[in-house]
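Asks: structure of the sequence below:
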Amino acid sequence: MKMMALADIHQTEAHWNYLLEAVQQKEPDLVIISGDLLPKDNGILPQVSFTPKLKEYAGSIRDAGVELILILGNDDNQLVIPEMETGDDEGLWHYIPDRVKIVKGYEFCGCPWVRDYPFAYKYWVAPGNPDETFIHPVQLGPPAVINRKNEIEVVPNFEEHLKKKRSVAESLESMAAQVEDISSSIWLIHDPPAYMDLDICGSGDKVGSPEVYSFLDEKQPLISVHGHIHEAPEHNGGIWAKKLGRTLCIQAGQFENKLCYVTFELNKGRIENPVHSVYGERGIIL
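Replies: Predicted coordinates:
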């Protein structure tokens with residue numbers, strides 16, 4: 001089975017056209033997108049009007065005989081969630097936030113939640129674990145969410161807001177408890193793990209999740225696919241995948257004017273021939 005893994009397709013609508021071209025060229029059986037789906041050309045609020053086009057793109061992928069597995073990410077307007085559920089019901093994609101789904105014999109799990117960052121939109125931000133509420137020391141605007149009227153609404157007490165939410169660690173553990181065979185499971189986790197250089201920003205800051213790292217280190221799934229930090233491979237020497245024990249952690253990165261993705265064959269639980277669309281066979285550390 002041939003798979004294509006990527007994230008952060010949201011810079012422009014053109015990236016969806018790039019993806020269609022890549023699907024036609026590479027002919028994968030599955031495409032995995034670990035969050036940040038909706039173009040940001042005009043900001044986050046107008047994303048709600050993009051969902052008909054998103055369904056058109058997904059329909060084209062489906063018509064090519066390819067199944068699409070995805071989650072939303074931290075730059076995606078949460079008001080599109082009902083349409084994501086509808087698209088799942090219609091068979092356009094497998095939408096798997098905080099849930100386990102078997103596709104082509106493999107168990108897939110999705111975690112869209114991220115630790116806090118400097119940017120204002122906070123819907124997808126959650127505590128890392130139940131005992132610690134991390135708030136980034138730099139805040140580029142007042143913490144805010146999008147209300148039901150698709151308007152920006154400032155959160156009056158961000159710490160209290162976070163304390164009411166389920167943590168990333170709890171989300172991951174809840175799904176793991178539902179997985180029959182963790183060793184062959186595949187995880188879409190928008191936040192990259194800490195300590196692996198898959199989370200390096202252009203500033204040099206390392207912003208990955210310690211909880212994601214601990215979870216993968218302990219549970220040892222087959223594959224995890226991450227996103228969030230587009231520029232990580234540009235600033236870590238071109239590394240787009242690393243082994244953590246037996247788990248292959250993929251962070252393809254993303255560019256403004258071309259599409260970054262990783263293709264590989266999955267043969268009875270063995271990962272074969274992993275290749276990056278830009279870096280080729282370089283940049284994977286096994």
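
Asks: going by C-alpha atoms from here, please, whenever you check contacts or count neighbours.
Replies: Fine.

Asks: can you give me the helices in the protein?
Replies: For the chain, the helices defined by DSSP state H occupy 14-26, 51-63, 81-89, 158-163, 168-176, 210-219, 232-235.

Asks: what's the second one in contact with?
Replies: The one in question is helix 51-63. 16, 20, 23, 38, 67-68, 80, 83, 87, 92-93 (CA atoms under 8 Å, 6 or more residues apart in numbering).

Asks: so Ile152 versus Val114, what's the distance?
Replies: Using CA to CA, to the nearest Å, Ile152 is found at 20 Å from Val114.

Asks: the two - which one has more neighbours?
Replies: Neighbour totals were compared for Ile152 and Val114, and Val114 leads with 25 against 16 (other CA atoms under 10 Å).

Asks: might one say that the more buried one is in contact with Pro210?
Replies: No: contact criterion CA atoms under 8 Å: Val114 and Pro210 do not qualify, at 11.0 Å.

Asks: overlap in contacts of these two?
Replies: The contact sets of Val114 and Pro210 overlap at Gly128 (CA under 8 Å, 6+ apart).

Asks: returning to what we had before: in a markdown table: the helices of the chain, plus mean pLDDT, distance to Lys122 and mean neighbour count.
Replies: Converted to a markdown table, the helices of the chain look like this (pLDDT from 0 to 100; distance: least, CA to CA, whole Å; neighbours: other CA atoms under 10 Å):
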| stretch | mean pLDDT | distance to Lys122 | mean neighbour count |
| --- | --- | --- | --- |
| helix 14-26 | 96 | 24 | 16 |
| helix 51-63 | 97 | 21 | 16 |
| helix 81-89 | 98 | 16 | 15 |
| helix 158-163 | 95 | 9 | 15 |
| helix 168-176 | 98 | 14 | 19 |
| helix 210-219 | 98 | 19 | 18 |
| helix 232-235 | 95 | 22 | 20 |
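
Asks: how many other residues sit next to Pro142?
Replies: Pro142: 16 surrounding residues under other CA under 10 Å.

Asks: ok, it - contacts?
Replies: Remark: with contacts taken as CA under 8 Å, 6+ apart, Pro142 is in contact with 120, 154-155.

Asks: let's see 10 Å
Replies: Applying CA atoms under 10 Å, 6 or more residues apart in numbering to Pro142 gives the contacts 118-122, 153-156, 158.
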